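Undergrad: Need a 3D model of the following:
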Amino acid sequence: MEKLKKAIELLYKGRSRKAARFRYALIVFDVCTIVFFIVTTPMELTRGILIADIVIGTLIFADLCARFWIAPNKPRMLRQIYTITDILVVLSLLLAPFIAENLAFLRVLRTLRLLHSYEVLRDLRRETPFFRRNEEIIVSVVNLMIFIFFVTALVFALQFGNNPSIGNYVDALYFTVATLTTTGFGDIILTGTEGRLLSVAIMIIGVALFLRLARSIFRPDKVAYTCPDCGLNRHDPDAIHCKHCGRMIKIETEGAG
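TA: The predicted structure is shown next:
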């Protein structure tokens, strides 16, 4: 058993090519399951979808058990947001025949794991020069997409079937983006008390969080510049000294606006 545990630990935390490919495969699996959830959420629960749910839920549960087995601090792992979302996803999949359909939106919480699990960021930094140069922008784009996707899925799960304006996932996406950007065309509105409260929450979040995420894409908080002494490669745009070693640095700027 110890040999098996060590082999699993090397797959999840090792630095070998095999371990990196394994973690990338898990990310591909995550993406495929998300696409599956988007496509099947508005569909009736057929036998084929039910079987796929059980298979996917079993694989996620096996992955969760493996990570729990090798975790050095198991109580801490159980408190992590990604572990909690995985448990919710497994329950929503394996208990699909027995729970209300409007709980299907719990599955989209799995998007929170994208590029935040299995030390994928570490692998990308080590193996991909493009990622190292544009890490902050890439992570901001991913965070923004995950945020939009989650809010859209929430709108769709709560309004589909009850609101004639939300007839498909694109309608929910259109409403979400229009609301988050404070454009507010008004051609699609959410109905009922739940819908109105959700609209209020989306508008507040849009001002507080969405604009911040969008700004971080076009105007990152850090700029890429490698310190000749210590090698620190992320600095404040107006920095004149390296925060790590104190060396004077010269970051090219466009001047005062």
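Undergrad: hey, let's count contacts and neighbours off CA atoms from now on
TA: Noted.
Undergrad: How about the backbone phi and psi for the closest residue to Lys74 other than its chain neighbours?
TA: The shortest distance from Lys74 to any non-neighbouring residue, by Cα to Cα, 6 or more residues apart in numbering, is to Phe68 (6.3 Å). The phi and psi values for Phe68, taken as degrees, to the nearest 10, are phi -70, psi -40.
Undergrad: Going by secondary structure, Ser165 is in what exactly?
TA: Under DSSP states H and E, no helix or strand contains Ser165.
Undergrad: And for the one 5 residues further on?
TA: Val170 is part of helix 169-180, with elements assigned from DSSP H and E.
Undergrad: which other helices and strands contact that helix?
TA: helix 135-159, helix 192-205 (3 or more Cα pairs under 8 Å, 6 or more residues apart in numbering; DSSP states H and E).
Undergrad: okay, these, which one's buried deepest?
TA: helix 135-159 (a mean of 20; mean count of other Cα atoms under 10 Å).
Undergrad: any idea how the protein splits into domains?
TA: Using automatic domain parsing, the domain ranges for the chain come out as 1-132, 134-220, 222-257.
Undergrad: got a list of contacts for the helix holding Val170?
TA: With Cα atoms under 8 Å, 6 or more residues apart in numbering as the test, helix 169-180 has contacts from 38, 148-149, 151-153, 155-156, 165-166, 184-185, 188-189, 199, 202-203, 205-207, 210.
Undergrad: Ala66 contacts Leu10, doesn't it?
TA: No: between Ala66 and Leu10 there is no contact under Cα atoms under 8 Å: 11.7 Å.
Undergrad: quick one on the thing from earlier: please identify the deepest-packed of the domains of the chain.
TA: Taking mean count of other Cα under 10 Å, domain 134-220 is the most buried of these, at a mean of 17.
Undergrad: Surely Leu78 is in contact with Ile84?
TA: Yes: Leu78 is within contact range of Ile84, at 6.9 Å (criterion: Cα under 8 Å).
Undergrad: do you know how far Phe147 is from Met77?
TA: Distance, Phe147 to Met77, using Cα to Cα, to the nearest Å: 23 Å.
Undergrad: now swap in Lys13 and tell me
TA: On the measure of Cα to Cα, Lys13 and Met77 end up 15 Å apart.
Undergrad: And Gly246, by the same measure?
TA: 37 Å.
Undergrad: now Ala172
TA: 34 Å.
Undergrad: Same question for Ser16.
TA: Where Met77 is concerned, Ser16 sits at a distance of 24 Å (Cα to Cα).
Undergrad: And Met248, by the same measure?
TA: Distance from Met248 to Met77, by Cα to Cα: 41 Å.
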